[in-house]
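Visitor: Sequence and computational prediction follow.
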Amino acid sequence: MNHDAEVLHRQSLVVDIHTHPLFNVMLFGKNLGVRHKPPWFWNPFRNHIDLPRLKEGGVKVFSITLYGLWNPFRPMDAFPWTKRMLDALPRFLRDCEGEIVLARRASEWRDIAGRGKIAAFLSVESARAIGPSLDNLRLFAHAGMRYLTVSHFVPNLAACPASWPWHHGKGLTGFGREVLAEMNRLGVMADLAHASPKTFDDVLAATTLPPLNTHVAPRDFKDIGRNITNDQIREIARRGGLVGIISYPAYLEKGLLPRGSLSTMLNMAEHVAGIAGPGVLCIGTDMDAPIWTPRDFRDVSYMPRLTEGLLQRGFTPDQVRGVLGENALRVFARAEELAGW
């Protein structure tokens, strides 16, 4: 690795705003305080993230995204599953022996990193996690949730996703508007990954906080509903939000099962920066979700390669620091300010 890139990476606040490590803890009982092997392709018994590889990759801050598996008997309410995942968090932190610290505010990120620790914050994917109850939303917010991905692959009581075949013209429900109002009050940002076009527009009309699309690829790269259009990129940037670079080749490249490469992730960074400026970019790999990663970006320990690649593509050191984490720090801190924390 280039020496200048290595120095820049190690001195930067590297933040990944969308990952799923608790899947491995809850479903497979893994101790993520020790090193595991990454999958070559999708393999639920291997994983992308653990404490040694976070350190090796120079990651200073990462999300712990809670997600409730779909239950056909409770299709609109994943609260029990999501609460079980939250209950697995203490075991994960205990296995890491104090090396990972839960941060409730962005203002804590740099301090935790300065003490040689890794900061983690909570997020929740899909409003199915809260079911029909604003009290469930408050429970996750009080536990430290910083954003809620309002929709996922199937509809929930709050919003409709892009992947739903009958999504046309469907966005936030009446309950969804109540959810957004409470999120504004609590300082919980809205994540528009997976949102239908109407959900996207409805959320932007209702939120008072910076909007996010935490793990996404441009529609110009692959024309699928859950990817983001150039106009949507511009709108998120105009409102001071973030667009996260995903590491999933199936969204970044055409084809049924593309193996992908880091180059495609860098292509996305160039594309988004060219449309809306580098200040909207951040990292949102989606690692440890049921995805596969590029052959030359297999797990979180490969993160320095992203820094080297951004420099090679002509991003300045300041712009690279922004993409790696300073943009995320700025936006999360702004949300806290707007919510009156």
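Guide: Structure's in. What do you need?
Visitor: any idea how far Glu235 is from Ile17?
Guide: Between Glu235 and Ile17 the distance is 19 Å, computed by Cβ to Cβ, to the nearest Å. All C-beta spots, glycine's among them, are computed from the backbone N, C-alpha and C.
Visitor: quick one, which of those two is more surrounded?
Guide: Ile17 (27 against 18; other Cβ atoms under 10 Å).
Visitor: So which residues of the stretch 101-250 of the chain form strands?
Guide: 118-125, 145-149, 189-191, 212-216, 242-245 (DSSP state E, counting those that start in this stretch).
Visitor: In its sheet, which strands sit next to the longest one, and in what direction?
Guide: Okay, so that is strand 118-125. strand 61-67 (parallel), strand 100-102 (parallel), strand 145-149 (parallel) (DSSP bridges).
Visitor: residues making contact with it?
Guide: 17-18, 51, 54-55, 59-67, 82, 86, 89, 99-104, 108-109, 112-113, 130, 140, 143-149, 152, 191, 193, 214 (Cβ atoms under 8 Å, 6 or more residues apart in numbering).
Visitor: Where does the prediction get shaky in the stretch 51-200 of the chain?
Guide: Across the stretch 51-200 of the chain, nothing is flagged by pLDDT under 70.
Visitor: Put the buried members of the contacts of strand 118-125 into a PyMOL selection.
Guide: Here is the PyMOL command that picks out the buried ones among those, judged by 16 or more other Cβ atoms under 10 Å:
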select buried, resi 17+18+51+54+59+60+61+62+63+64+65+66+67+82+86+89+100+101+102+103+104+109+112+113+130+140+144+145+146+147+148+149+152+191+193+214
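Visitor: Looking at the chain, which helix is longest?
Guide: Counting residues, the longest helix found in the chain (DSSP state H) is helix 262-276.
Visitor: so what secondary structure elements neighbour that helix?
Guide: helix 230-238, strand 242-245, helix 249-252, strand 281-283, helix 303-312 (3 or more Cβ pairs under 8 Å, 6 or more residues apart in numbering; DSSP states H and E).
Visitor: Taking helix 303-312 as reference, get the angle to it.
Guide: Helix 262-276 and helix 303-312 are oriented at 50 degrees to each other (axes from the mean of the first three to the mean of the last three Cα atoms, to 10 degrees).
Visitor: Cool, thanks, talk later.
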